[in-house]
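Asker: got a sequence here, can you build the structure:
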Amino acid sequence: MRFAMAVLLALALASASGLSAAPSKGPAPSKKRPEFASSEDILRWINTYRLKPEPAKLPAAVKAMSEHGVFRDMDAAGIYVGFMAGVLNSNPKRAEDLISKMYPMPPEDQVAIVRAIAFCDLPDWKDLMLKFAERMPARKALIDRFVYGKQPTLRQMELDAGTTPLDTLWGFYFATGSREPILRIISVLAWAKDQNNVERLTIGSMAKLSLATNASRDKELLDTLKSSLNHENKETRVVLQEVVDAAETFEFARVRKDAMAAIEQLKAKGPASSRSTQWWGMVGQTALAVGCVVASAMGQVEVGIPCVVGGALSGAALKWMTP
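Answerer: A predicted model of the protein is given here:
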């Protein structure tokens, strides 16, 4: 099965038209284009953030995310929420001020703020959450679930719960450069060899492809992957070595081909545990999703945009990949 990625990046750079004026007044100043005029601008900023952290811009970026509708489907907004959480994590003394400047925020989009606070992993995140509870009365039920331990934080989240956790971990990494989210992504690499569980096959394949793509442009990330080879079990080490090889040789097509071969095998015989209609539908989605290339951590946002239209690094590939 062959796949083609449509990289459709339309960046309309507004050009200000100069208006003639009387010589005594001088020429009218040109209108400056807003920094976050589009979702692509936000993604580009996220991708380059680690090179030049600017936490003071987070509130404006979050408001722009809301305006551009990236929070309409929270399951597809993992990279944004993870990034928000990562910036808060890296700036504990400024976290409260940064959050306060995100308001006003439409009630339906406040879910992103609630999740970002819960996922930031600061020691006092519950106190921080409660400080803003009165400003988010519509989100009281969700806030209570997090505060009282009925909703998992990012650290507690199971990685086989769809592609959202994977997206969120990447967002956290883009904000912090931390090893922890990378090590968690590495922990699911063995799933790329799973021949019985299509959900795990999807997530493992996405982890493999996204790590290889980003590591090819990020030496520190590549070094982290190489050092992890000495600490992982045999099953994970085999896949991780394939990731390192693909990153160093830029042979991403081979990674996709291997994933597609595994999917075709599952389609041919099906897993022993499930042969439902829902499972076969998931196989079709998986076949498309594994073709997605996650946005590069080193600013190559053009690579990742097809995968993050609407927010998702993984699931949105369905809109851009065709067999």
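Asker: can you tell me the centre-most residue of the protein?
Answerer: In the chain, the C-alpha nearest the mean C-alpha coordinate belongs to residue 79, at 2.7 Å (CA atoms, centre = their mean).
Asker: what about the residue lying closest to that residue once chain neighbours are set aside, neighbour count?
Answerer: Excluding its sequence neighbours, the residue lying closest to residue 79 (CB to CB, 6 or more residues apart in numbering) is residue 171, at 4.1 Å. C-beta here means a position set from N, CA and C on the backbone, and glycine is covered the same way. Using other CB atoms under 10 Å, residue 171 has 29 other residues around it.
Asker: what's residue 171 in contact with, if anything?
Answerer: Residue 171 is in contact with 46, 78, 79, 80, 81, 82, 83, 84, 85, 86, counting by CB atoms under 8 Å, 6 or more residues apart in numbering.
Asker: these two touch, right, the second one and residue 161?
Answerer: Going back to what we said before, that points to residue 78. No. Under the criterion of CB atoms under 8 Å, residue 78 makes no contact with residue 161, lying 11.2 Å away.
Asker: the two - which one has more neighbours?
Answerer: Using other CB under 10 Å, the more surrounded residue of residue 78 and residue 161 is residue 78, with 29 against 12.
Asker: how near is that one to residue 62?
Answerer: Separation of residue 78 from residue 62 (CB to CB, to the nearest Å) stands at 15 Å.
Asker: equivalent analysis for residue 111, please.
Answerer: Distance, residue 111 to residue 62, by CB to CB: 12 Å.
Asker: before we move on, what about residue 71?
Answerer: Residue 71 is 9 Å from residue 62, by CB to CB.
Asker: quick one: which of the two has more around it?
Answerer: Comparing residue 71 with residue 62 by neighbour count (other CB under 10 Å), the higher total belongs to residue 62, at 29 against 24.
Asker: surely the more buried one and residue 81 touch.
Answerer: No. Taking contacts as CB under 8 Å, residue 62 lies outside contact range of residue 81: 10.0 Å.
Asker: find the residues that touch each one of those two.
Answerer: With CB under 8 Å, 6+ apart as the test, residue 62 and residue 81 both reach residue 112.
Asker: so where's the stretch 1-150 of the chain shaky on pLDDT?
Answerer: 1-30 (pLDDT under 70).
Asker: please repeat the previous calculation with a cut-off of 90.
Answerer: 1-34, 39-40, 44, 47-48, 50-51, 73, 75-76 (pLDDT under 90).
Asker: with the stretch 201-323 of the chain instead?
Answerer: 201-206, 209-210, 213-214, 217, 251-323.
Asker: which residues of it fall in strands?
Answerer: Along the stretch 201-323 of the chain, counting by DSSP state E, counting those that start in this stretch, strands occupy 321-322.
Asker: show me where it has helices.
Answerer: 219-228, 234-249, 252-269, 277-289, 301-308 (DSSP state H, counting those that start in this stretch).
Asker: circling back: check the residue nearest to residue 79 and give its pLDDT.
Answerer: The model reports residue 171 with a pLDDT of 94.
Asker: can you tell me how far it sits from residue 258?
Answerer: Residue 171 is 26 Å from residue 258, by CB to CB.
Asker: follow-up on the earlier one: wouldn't the residue nearest to the centre of the chain be in contact with residue 46 here?
Answerer: Yes. The pair residue 79 / residue 46 is scored as a contact, 7.1 Å apart, by CB under 8 Å.
Asker: returning to that earlier point: and the residue nearest to the centre of the chain, how far from residue 180?
Answerer: With the distance defined as CB to CB, residue 79 ends up 17 Å from residue 180.
Asker: same deal with residue 140?
Answerer: 30 Å.
Asker: next one: residue 234
Answerer: 23 Å.
Asker: tell me the contacts of residue 58?
Answerer: Shown in contact with residue 58 (CB under 8 Å, 6+ apart): 84, 87, 98, 102.
Asker: got it, and residue 86?
Answerer: With contacts defined as CB under 8 Å, 6+ apart, residue 86 is in contact with 120, 171, 172, 173, 174, 175, 176, 178.
Asker: buried subset of these?
Answerer: 120, 171, 172, 173, 174, 175, 176 (16 or more other CB atoms under 10 Å).
Asker: which strand or helix spans residue 59?
Answerer: Using DSSP states H and E, residue 59 sits in helix 58-67.
Asker: show me how far the very next helix or strand once past that helix is from its chain's centre.
Answerer: Later in the chain than helix 58-67, the nearest helix or strand by DSSP H and E is helix 78-90. Distance, stretch centre to chain centre, for helix 78-90: 10 Å (CA atoms, centre = their mean, to the nearest Å).
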